[in-house]
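[1] pasting a predicted model and its sequence here:
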There are 2 protein chains.
Amino acid sequence: MQLDVRLASPSSDNYLGRHDGGSGTSTTLGCQLLGMNCNTPTDFTFSLKGFWKRGGDTDIHTDGWGVAFYEQNGIRQFHDVEAAATSPMANFLSNHPIRTTNMMAHIRFATVGEVQLSNVHPFCREMWGVNFCFAMNGDVPMFKKDPCTKLTSLGPGDSPCKEESYYNPVGSTDSEAAFCAILNALRVRFQRLPSLPVLYDALRQLCDDIIADDPKETIMNFLLTCGPNTLWVYSWPGQRPGSKTWNGLYYTTREFPFATTHLRDVDYSVDFSTRTTQEDCVSVITTKPLTDDEEWIELQKGELVVFDQGRPNISHRSLFEIELLGRGLQSTVLEKPLLEEDMRKYNLDPSCFQGSFI
Amino acid sequence: MQLDVRLASPSSDNYLGRHDGGSGTSTTLGCQLLGMNCNTPTDFTFSLKGFWKRGGDTDIHTDGWGVAFYEQNGIRQFHDVEAAATSPMANFLSNHPIRTTNMMAHIRFATVGEVQLSNVHPFCREMWGVNFCFAMNGDVPMFKKDPCTKLTSLGPGDSPCKEESYYNPVGSTDSEAAFCAILNALRVRFQRLPSLPVLYDALRQLCDDIIADDPKETIMNFLLTCGPNTLWVYSWPGQRPGSKTWNGLYYTTREFPFATTHLRDVDYSVDFSTRTTQEDCVSVITTKPLTDDEEWIELQKGELVVFDQGRPNISHRSLFEIELLGRGLQSTVLEKPLLEEDMRKYNLDPSCFQGSFI
């Protein structure tokens, strides 16, 4: 799917003012996230064009930007401390298509940690021979108190390295500390690759633990990838009554029939119908809707959604279906999950899946 | 130091033909490396301009390119499977200065591992809260036989995780496998940050082990960084009598008085004297000399050289001096080295350093 763009008729009506915490795109404080997941390698220049504007033009997130694109197991990473709206590299990326099925981007408004390259999201680590990436918008008291806090709720698991911190932050953000703690907990817990439903429950448990530390003050919206297939999206607490800070996460799913879509932050449209096939499907996830003529769905408070091939999933059953398509974690280092055993744990009959997938 | 460039008078005399394994730049087979280390943040557009030409124009290394630039503890990484000579992103980087004190670049001629993004150097991993990067030119039988081979010669050390592989390859190159094995061995060995002389001896030992597995067939030239200060360069075996494959590593050190310098791969010159101060110092390390009017020194067979602030170091004494300037490994996770204890191990009297550094 190639997202060719055309410039709409010049008009400044759609430009949004700076710092308008109301109906505009300003989030007042906090970072902004952008993720994309789809079933066909797709470039993301259209969305980036609008998103980068929020880094110093239509919004205040000027403390760096970053993006990670998967290409099979590899990733292309770009990090910059310049404002996205004026960064030559960001401009290059919104004009030179890089196709991917899974990506995430971030524009930073520094709250914890200095304005420096090591604090720019996404953060990436190799675990089990798989590239994991993470970007966050929020404020997590648990890791502001101590960036080395461990998440132990998953139990010691079967790793021979129970007491160790595999992953350590390089920078000074609570976001990178949270990412490292999540990876450390997973690595200690699993010596065999977890199936997607098992990973889903483990990640939910870790999110619950982080929230439980301070449910009222914790804001945690994140995008997490574990290879080229799935994009994991979590949101807490979403919009809060009386708060001018927009902390939610929204997504839209584009599929046949495709239409022309118009960005909110720049007067720019694309007619997706001219560049897609009937089979194409893409979901775009962002802190605030990027377009003004599509339906955007807000994630519920504490919801964890797994996007695969452009579609959202939250049930164990659908995660098993993704796993059976061979789109779960892929590693040459760890053994594969025992799927039938896991299905029985969730009271799902493996024979239900036979014929279609197994 | 800003390396402003000017185009020399048009002439094709200096252009080198393709695949000329003799006096030209062709390496016939194998990848090419480029590193830079200096004492003042410097852009590297001049050298990249020449180096990228070898990725499909003056030489055959068309199977991807990558580069990593340090900015304090953070890194900017760029990886691409396109040929460097024609890649729009590579072209962007050679025209948009990114300043750094430590960097490495690589152009790939695939021998082991498919042409795909996960096989493009440099490889990067966080260890001890520090960003390590690695790029290699070579052919290492030890890791072609088994990418999970462990290097155990440093002994079990004091890590609580003796049996574990912290780092695993994502791609399928022997280079990434060698990098992971080196990091695993260091991580198991050290629970406290090693001082530079201790790290130097450990790395030499690991190189010796890799070479000892097959001294005749092993070719291993690498660049390794462990944060923004030092660049570690190793070469084995260098030029081999009768071989058309140029496997050495060369470096040149530019310092006052600076002169005009001319690239070999493109008719392009820069007058460094107009853009430098008397204090500036920069070393450029590469598989084949990049310029035709500077002295390039070839690394000896099995030599390990540590560049810091643009100057090469090989003695324990000079590595202690770098350490005493606070330019050794920097971590917020592990304890600092016990320098005086380490000096006594090397029969160096700590009092010699007093007054100047301690």
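    Thanks, I have it. Numbering: from 1, shown residues only, chains lettered A, B, ... in the order given.
[2] distance between the ends of stretch A:309-319?
    12 Å (C-alpha to C-alpha, to the nearest Å).
[3] correction: the previous question concerned stretch A:289-304.
    Start-to-end, stretch A:289-304 (C-alpha to C-alpha) is 19 Å.
[4] ok, stretch A:284-293 next?
    Termini of stretch A:284-293 sit 14 Å apart (C-alpha to C-alpha).
[5] now do stretch A:263-275
    Using C-alpha to C-alpha, the two ends of stretch A:263-275 sit 17 Å apart.
[6] let me see the mean pLDDT of that stretch.
    Mean pLDDT, computed over stretch A:263-275, is 94.
[7] ok, now stretch A:322-334?
    95.
[8] tabulate the CA atom coordinates of it in PDB.
    Extracted in PDB, the C-alpha atoms of stretch A:322-334 (Å, rounded to 0.1, in the frame of the first residue of the first chain):
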ATOM      1  CA  ILE A 322      -2.600 -14.700  15.600                       C
ATOM      2  CA  GLU A 323      -0.200 -17.100  17.200                       C
ATOM      3  CA  LEU A 324      -1.500 -20.000  15.000                       C
ATOM      4  CA  LEU A 325      -0.800 -17.800  11.900                       C
ATOM      5  CA  GLY A 326       2.800 -17.900  13.000                       C
ATOM      6  CA  ARG A 327       2.700 -14.200  13.900                       C
ATOM      7  CA  GLY A 328       3.600 -14.500  17.600                       C
ATOM      8  CA  LEU A 329       7.100 -14.000  18.900                       C
ATOM      9  CA  GLN A 330       9.800 -15.300  16.600                       C
ATOM     10  CA  SER A 331      13.100 -16.300  18.000                       C
ATOM     11  CA  THR A 332      16.000 -18.600  17.000                       C
ATOM     12  CA  VAL A 333      17.200 -18.600  20.700                       C
ATOM     13  CA  LEU A 334      14.200 -19.700  22.800                       C
END
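[9] what's in contact with it?
    With C-beta atoms under 8 Å, 6 or more residues apart in numbering or on different chains as the contact definition, stretch A:322-334 has outside contacts at A:73, A:128-130, A:190-197, A:199, A:226-227, A:229-230, A:306, A:308-309, A:313, A:337, A:339, A:353, A:356-358, B:148, B:165, B:168-169. Where you see a C-beta, it was placed from the backbone N, CA and C, and this is true even at glycine.
[10] buried residues in it, which are they?
    For stretch A:322-334, the neighbour count (16 or more other C-beta atoms under 10 Å in any protein chain shown) marks A:322, A:323, A:324, A:327, A:328, A:329, A:330, A:331, A:333, A:334 as buried.
[11] pull the distance from that stretch to the chain's centre.
    Counting by C-alpha atoms, centre = their mean, to the nearest Å, stretch A:322-334 is centred 19 Å from the centre of its parent chain.
[12] sorry, back to before: among the buried residues of stretch A:322-334, which ones are in helices?
    Residues of the buried residues of stretch A:322-334 located in helices (DSSP state H): A:322, A:323, A:324.
[13] closest one of those residues to residue A:293?
    residue A:322 (30.2 Å; C-beta to C-beta).
[14] helices of the stretch 201-350 of chain A, start to end?
    A:316-324, A:339-345, A:350-353 (DSSP state H, counting those that start in this stretch).
[15] mind telling me which of these the model trusts least?
    Across these, helix A:350-353 has the smallest mean pLDDT, namely a mean of 79.
[16] report pLDDT for the nearest residue to residue A:306 once chain neighbours are set aside.
    Residue nearest to residue A:306 in three dimensions, not counting chain neighbours: residue A:313, with 4.7 Å by C-beta to C-beta, 6 or more residues apart in numbering or on different chains. Looking at residue A:313, its pLDDT is 98.
[17] so residue A:313 sits against residue A:303, correct?
    No - counting by C-beta atoms under 8 Å, residue A:313 sits too far from residue A:303 to count as a contact (11.7 Å).
[18] not counting its neighbours along the chain, what's nearest the residue in the stretch 251-358 of chain A positioned nearest to chain B?
    Residue nearest to chain B within the stretch 251-358 of chain A: residue A:333 (4.5 Å; C-beta to the nearest C-beta). Computed as C-beta to C-beta, 6+ apart, the closest residue to residue A:333 that is not its neighbour in sequence is residue A:129, at 4.0 Å.
[19] that neighbour: neighbouring residues, count only.
    When neighbours are counted by other C-beta atoms under 10 Å in any protein chain shown, residue A:129 registers 24.
[20] so it sits against residue B:168, correct?
    Yes - judged on C-beta under 8 Å, residue A:129 makes contact with residue B:168 at a distance of 3.9 Å.
[21] which residue packs closest to residue A:340, ignoring adjacent ones?
    Here the residue nearest residue A:340, using C-beta to C-beta, 6+ apart, is residue A:350, at 4.5 Å.
[22] let me know whether that neighbour touches residue A:344 as I believe.
    Yes - judged on C-beta under 8 Å, residue A:350 makes contact with residue A:344 at a distance of 7.3 Å.
[23] who has more neighbours, these two?
    It is residue A:350, of residue A:350 and residue A:344, that has more neighbours when counted by other C-beta under 10 Å, with 15 against 12.
[24] what about the closest residue to residue A:239 other than its chain neighbours, how many residues nearby?
    In this structure, residue A:239 finds its nearest non-sequential neighbour in residue A:248, 5.1 Å apart by C-beta to C-beta, 6+ apart. Neighbour count for residue A:248, taken as other C-beta under 10 Å: 21.
[25] spit out the contact partners of residue A:248.
    Residues in contact with residue A:248 (C-beta under 8 Å, 6+ apart) are A:221, A:235, A:238, A:239, A:287, A:298, A:299.
[26] switch the cut-off to 6 Å
    Taking C-beta atoms under 6 Å, 6 or more residues apart in numbering or on different chains, we find residue A:248 in contact with A:238, A:239, A:298.
[27] okay, it and chain B: tell me how far apart.
    Between residue A:248 and chain B the computed distance is 29 Å (C-beta to the nearest C-beta, to the nearest Å).
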